[in-house]
Each structure stands twice: as C-alpha cells, then as structure tokens.
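Participant: Sequence first, then the predicted structure:
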Amino acid sequence: MYNNLKLCVLIEKMFSMYRLRNKMSFEEIRFAVPSLNRAKELGEKTLATLIHHKIPVSQVDIFVANQEQYDLYKSFYPDYNIVIGVKGMKEIRMFYLLDYYKEGQKIVSLDDDIEDVK
C-alpha cells in the first residue's frame, strides 16, 4: 500500500515521463485538492508544499463539500479557485474526475495533508 508521499512521488514520475513523451507543457496540469474542515491544515501542508515546489496558484483547484465550506476556505485562500462539489472523499474525487474537468485534462490529485514531495 502506498502512503501519501510515495503516491505523490509516483504521480510526479508518471507525469514527468508523460510530458517527455507527449511534449505536454507543465501549465496544462491541474492540481486537484479535496478538503473538508481542514482549511488551516491545508495551508500549512499541501498548499505550502505546492508553493515550495513553485506550483502556481492558478493551477490549483480546492474542492469542498458545500457553501459553508466554500466560505471558510475562501476566507483563508482568496486567490485560489475553490469549487463546491459533493460531500465524501470518494464522491468528491469522482465529481472532479467525471464532472468538473474536461475529458483529457491532466490532473494531479493530492490529499490536503501532504507535507512534502521529493
């Protein structure tokens, strides 16, 4: 079983190989981060990690369950794209994979508690 860090490293390696083979630009990748009731932790962990690795805010989408969560997260992260999806981790991942992003969109899906990617 992969832990979060190993999974992120695996995803990064897969995208690196894909970009080389398909001449895909880094700007085409979206970073999807579902989160619920962890606005502060999201900033301290996953968003801090993305900033450390120079991922532009414009490529990050934070997915939340409802309007209350949207308002909370928007108060913490006004510059980020925050999307109201559905409640439940499996359900919100299915929401953004099947309903939010267009077919063929390159997505890196991250948990909201990632502390580093090497």
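Facilitator: Structure's in. What do you need? What you see is a predicted model, and the numbers here were worked out from it, not measured in a lab. Residues are numbered from 1 along each chain as shown.

Participant: In stretch 89-96, which residues are buried?
Facilitator: Neighbour-count burial for stretch 89-96 flags 92-93, 95-96 (criterion: 16 or more other CB atoms under 10 Å). Every C-beta, even on glycine, is put in place using the N, C-alpha and C of the backbone.

Participant: Turn those into JSON lines, including secondary structure.
Facilitator: Shown next, in JSON lines, are those (DSSP: H, G, I helix; E, B strand; the rest coil):
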{"residue": "Ile92", "secondary structure": "helix"}
{"residue": "Arg93", "secondary structure": "helix"}
{"residue": "Phe95", "secondary structure": "helix"}
{"residue": "Tyr96", "secondary structure": "helix"}
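
Participant: Just give me the closest of those to Lys54.
Facilitator: Proximity of the buried residues of stretch 89-96 to Lys54 (CB to CB) peaks at Tyr96, which lies at 23.1 Å.

Participant: Leaving out chain neighbours, which residue sits closest to the closest one?
Facilitator: Leaving aside its chain neighbours, Tyr96 sits nearest to Ala32 (5.2 Å; criterion: CB to CB, 6 or more residues apart in numbering).
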